[in-house]
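Q: sequence and predicted model, in that order:
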Amino acid sequence: MSGQSGEDGPRQASCPSAPPEPGATLFGIVTAPGQVAYLNPGVPATQDLIESFAQEGVPIENRLRFAGPCMEHRCVQWAGEPGAGRCGLVDRALDALKITEGPETLPNCAIRATCRWYAQHKRHACAACPEVIRKPPPG
Amino acid sequence: MPDSKFVFTVSGVTLSEAQRHKVSAAIGAAVAHALGEGSTHPVRSDFLNIGRIHGGLWIDVAELEKVGIKNVLNSSAVVGGARAE
């Protein structure tokens, strides 16, 4: 599962809006606008799994949520200096959605221990998470 | 928060770590397919009505209106976990 690390080193932070590619982890299904069914444990995203969803006609980047290693300053969303910044996407999401409090109970999310967004905003991030879709509908 | 937990037991044999991993992944994939079944229509979220994410890329709404989405995407670098498409 992404976001895990060896026994000795610090944990690699996970991006909860990672691209669907082998090595990523499928951790959620968008079941309705603003609603995600969280899978725990996350499912390893293999090429076969991704292709099987595509064959079923599922718009993968719209209806599935994948986690992968946070790319930090190598990601266009990163705000700040390498090693000292933060994810700007979740900051914008909380601001845009005017989220001032998190849900009373949190979903049983597979990546919370390493989630970059949760590390930055704790349960407030969990309120914004279901609203984030990598790819909007065409048009 | 509603949870649904599924338990599957294999008894009588000692599974290797590889077998356990394979079974676990297969169960996870089956659950994901069951939940994603019929999810063939793209959805729009509240966040997308306020800002735009295209392939994980945040696009400032004012900039979007000024230059158009294709120009914004064409001028953006493809990097890391957030790539323009």
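A: Noted; the coordinates are in hand. Numbering: from 1, shown residues only, chains lettered A, B, ... in the order given.
Q: can you show me the strands along chain B?
A: Secondary structure of chain B (DSSP state E): strands at B:52-54, B:57-59.
Q: which of these has the lowest mean pLDDT?
A: With a mean of 57, strand B:52-54 has the lowest mean pLDDT of those.
Q: what is the longest strand anywhere in chain A packed up against?
A: Using DSSP E to define each element, chain A has its longest strand at strand A:35-44. In terms of contacts (3 or more CB pairs under 8 Å, 6 or more residues apart in numbering or on different chains; DSSP states H and E), strand A:35-44 is packed against strand A:25-32, helix B:17-36. Where you see a C-beta, it was placed from the backbone N, CA and C, and this is true even at glycine.
Q: can you do 10 Å?
A: If you count contacts as 3 or more CB pairs under 10 Å, 6 or more residues apart in numbering or on different chains; DSSP states H and E, strand A:35-44 packs onto strand A:25-32, strand A:64-69, helix B:17-36.
Q: taking chain A, what residue is nearest to chain B?
A: For chain A and chain B, the shortest gap (CB to the nearest CB) falls at A:M71, measuring 3.0 Å.
Q: now do the phi/psi pair for that residue.
A: Main-chain torsions, A:M71, degrees, to the nearest 10: phi -90, psi 0.
Q: could you measure from the residue positioned nearest the centre of chain A over to B:F6?
A: Central residue of chain A (CA atoms, centre = their mean): A:P16, 1.2 Å from the mean position. As judged by CB to CB, to the nearest Å, A:P16 and B:F6 stand 23 Å apart.
Q: just A:A32 next, same as before
A: 22 Å.
Q: more crowded one of these two?
A: More crowded of A:A32 and B:F6, by other CB atoms under 10 Å in any protein chain shown: A:A32, with 11 against 7.
Q: so who does the more buried one touch?
A: Contact partners of A:A32, counting by CB atoms under 10 Å, 6 or more residues apart in numbering or on different chains, are A:P130, B:S39, B:V43, B:S45.
Q: give the bridge partners for A:P69, please.
A: Beta bridges link A:P69 to A:S14, judged by DSSP bridges.
Q: does it touch A:A24 like I think?
A: Yes: A:P69 is in contact with A:A24 according to CB atoms under 10 Å; the separation is 8.9 Å.
Q: just want to know which of those two has more residues nearby.
A: A:A24 (26 against 19).
Q: mind putting the contacts of A:A32 in JSON lines, distance to B:S11 and pLDDT included?
A: Output for these, formatted as JSON lines (distance: CB to CB, whole Å; pLDDT from 0 to 100):
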{"residue": "A:P130", "distance to B:S11": "38", "pLDDT": "94"}
{"residue": "B:S39", "distance to B:S11": "35", "pLDDT": "90"}
{"residue": "B:V43", "distance to B:S11": "41", "pLDDT": "89"}
{"residue": "B:S45", "distance to B:S11": "44", "pLDDT": "80"}
